[in-house]
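Trainee: Predicted model follows, preceded by the sequence.
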Amino acid sequence: MIDIKRSRHRLLPDARRVLAKPYLPGEEALLPGASRAHLLMERILAVPESQVAALNREILQRFEHRHHRFTEVLARQFDSVAHYVPDAARLSAERRLLIGAYFTHEYSVEAAALFNPSIVLAPDQSGVASGSIRFVMSLRAVGEGHLSSIEFRSGVLDATASMTIDAPGTRLVGGRRTPYGGFDKARFTTKLRELDAVNELSSSVLDRLGATFALDELERSLDALETHGTPHAIWFETVKIIRALASSNYVTTFPPDSQLGERVIFPAGPNETRGMEDARFVRFVDDDGGVRYYATYTAYDGFEILPQLIETEDFTRFRISTLNGAAAQNKGMALFPRPIDGKYVMLSRKDRENLHVSTSDDVHYWNDVTELYRPQQPWELLQIGNCGAPIETESGWLVLTHGVGPMRRYAIGALLLDLHDPRRVIGWLPEPLIEPDENEREGYVPNVVYTCGAIVHAGQLVIPYGFADAGIAVARLTLVHLLDALLSS
């Protein structure tokens, strides 16, 4: 029997944590044809100049203390809608600010739910007491419309693996999105082929581009396609897919003076319009000793899912891109924390039911895939998946799993993989490691416990986990006891 200790920590949704984000009224045409945004702009421009400053003072009094660099946010929002104004350059600074406020709204990012965390060693370990470590925890936050975004917390595990979680900060900040620095044409073509969008038109667009290309070069090639007289009905769908794919690759950067707990990676790409789900962060150490953080997550547009990759070195600048290949077709991909025999290795669930393992020379492209483990125990018969990046131990690669059983009840289990050949399962638990207890089964989605990653410190396996898709708890256990149980199985 493995002794599981649940801590008193509870991270629960807080509706007061709001993000100032763009608000654009519906673009449906109103008789005689003007859009709502145009009509709103006309009404704002009709406000007498003598009233504008007073309106701004009222807005700042109500909202400035709730947001990081609030006036800068409003200024950016004005810039994004300035094309609705015939002569925007002639507007006063005060009116620009007012327009920005009308096209901004507060979004409570975790009003509905907060769950499914992952945890990694923080990049900055300065100032931490001897025997302690600082960690970064990612969280899935769900707000209005069941829209998922990625939040963060920081904290310390002391010499006994007891956890302290830092206060998250009171003013959320969204990242500034910028285009992807350069696209690899071979990868881009591969993804278009997976999207069934390689045809004569898309090939002609790509033929005008080099082996690597920037977004503006892609746009010029698309413009050339239209200019050459291709019928609109023919090229519309192809162009839409190409632009959607390009827009799914971008960079999000946060102000250096913002706190980690204030940063929210909010959905920005067209394939994640309904959310960014279940980020699995891992601290990846390359063969040359270089350290980089990766996270796989699921982009969801309300109809289809798309596995995506996040890359960062400092949790301030995040590069977001699509994952490609036959193995990158479903939810729940999790990267191993180092290369094995010179290759990247990834856990996946290619068929939605069973665990698989993939290898690749390129972290963005996954084609080689091998089935690893099928559900065997009653508590996992519906489906099985990983619960984050494998953890390297002397006994093998420790993989936390989630299994789904009767009444769609989720539980957390464990596998052990061979250290040199992770395609070999050398141990598994016949019973769940963590199940929802009576204090955890009720919530947004009942009877669920789920984690996207754990960490080892001071001989303890520390597992933050979501319960009932309603909040986050923390459990820990002695690592050697778990490994003994896995090996004895």
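Mentor: Looks like it came in fine.
Trainee: what helix or strand is the closest residue to Thr298 other than its chain neighbours on?
Mentor: What sits nearest to Thr298 in space, not counting adjacent residues and going by CB to CB, 6 or more residues apart in numbering, is Glu277, at 4.2 Å. Using the backbone N, CA and C atoms, a C-beta is placed for each residue, glycine as well. Using DSSP states H and E, Glu277 falls within strand 276-285.
Trainee: For the stretch 1-150 of the chain, give me the ranges with low pLDDT.
Mentor: For the stretch 1-150 of the chain, residues meeting the criterion pLDDT under 70 lie at 26-34.
Trainee: just the helices in it please.
Mentor: 36-45, 49-63, 70-81, 93-102 (DSSP state H, counting those that start in this stretch).
Trainee: What is the distance between the first one and the centre of its chain?
Mentor: Between the mean C-alpha location of helix 36-45 and the chain-wide mean there is a distance of 35 Å, by CA atoms, centre = their mean, to the nearest Å.
Trainee: in stretch 482-489, what counts as buried?
Mentor: Leu482, Leu483, Ala485, Leu486 (16 or more other CB atoms under 10 Å).
Trainee: ok so, going back, any chance of the helices of the stretch 1-150 of the chain in CSV, plus distance to Ala197?
Mentor: Formatted as CSV, the helices of the stretch 1-150 of the chain follow (distance: least, CB to CB, whole Å):
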stretch, distance to Ala197
helix 36-45, 31
helix 49-63, 43
helix 70-81, 29
helix 93-102, 37
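Trainee: Tell me the spacing between the residue in the chain sticking out farthest from the centre and Arg95.
Mentor: Distance from the C-alpha centroid of the chain peaks at Ser50, with 44.9 Å (CA atoms, centre = their mean). Counting by CB to CB, to the nearest Å, the separation of Ser50 from Arg95 is 12 Å.
Trainee: now swap in Ile44 and tell me
Mentor: Counting by CB to CB, the separation of Ile44 from Arg95 is 8 Å.
Trainee: So for these two, which residue has more residues nearby?
Mentor: More neighbours surround Arg95 than the other of Ile44 and Arg95, with 21 against 18 (other CB atoms under 10 Å).
Trainee: How about the contacts made by that one?
Mentor: Residues counted as contacts of Arg95 (CB atoms under 8 Å, 6 or more residues apart in numbering) are Ile44, Leu45, Val47, Glu49, Val52.
Trainee: just the buried members of those?
Mentor: Neighbour counting over those (16+ other CB under 10 Å) leaves Ile44, Val52 as the buried ones.
Trainee: quick check, nearest of the contacts of Arg95 to Ile455?
Mentor: Distance to Ile455, by CB to CB, is smallest for Ile44 among these, at 50.2 Å.
Trainee: which residues sit in contact with that closest one?
Mentor: Contacts of Ile44 (CB under 8 Å, 6+ apart): Arg95, Leu98, Ile99, Tyr102.
Trainee: which of those residues tops the neighbour count?
Mentor: Going by other CB under 10 Å, Ile99 tops those with 27 neighbours.
Trainee: wait, what's in contact with it?
Mentor: Contact analysis of Ile99 by CB under 8 Å, 6+ apart lists Met41, Ile44, Gln77, Phe78, Val81, Val85, Leu91.
Trainee: Report how many residues lie close to the last one.
Mentor: Neighbours of Leu91 under the rule other CB under 10 Å: 17.
Trainee: Which of the contacts of Ile99 sits closest to Ile391?
Mentor: Gln77 (43.2 Å).
Trainee: from memory that closest one sits against His67, does it?
Mentor: No. Applying CB atoms under 8 Å as the test, Gln77 and His67 come out as separate, 11.7 Å apart.
Trainee: Okay, now the unreliable bits of the stretch 151-300 of the chain?
Mentor: Ranges of the stretch 151-300 of the chain meeting pLDDT under 70: 226-234.
Trainee: Show me what the spatially closest residue to Val448 that is not a sequence neighbour bridges to in the sheet.
Mentor: Spatially, and ignoring its direct neighbours in sequence, Val448 is nearest to Tyr410 (4.2 Å; CB to CB, 6+ apart). Taking DSSP bridges as the rule, Tyr410 bridges to Val404.
Trainee: Could you number the chain from 842 rather than 1 from now on?
Mentor: Sounds good: first residue 842 from here, last item Tyr1251.
Trainee: How much space separates Tyr1251 from Val1092?
Mentor: The value you get for Tyr1251 to Val1092, if CB to CB is used, is 34 Å.
Trainee: need the contact list for Leu1327.
Mentor: Neighbouring residues of Leu1327 by CB under 8 Å, 6+ apart: Ser1236, Gly1237, Leu1239, Ala1255, Leu1256, Leu1257, Ile1267, Gly1268, Trp1269, Leu1270.
Trainee: For the fifth one, which non-adjacent residue is spatially closest?
Mentor: The shortest distance from Leu1256 to any residue that is not its chain neighbour, by CB to CB, 6+ apart, is 4.4 Å, and that residue is Val1240.
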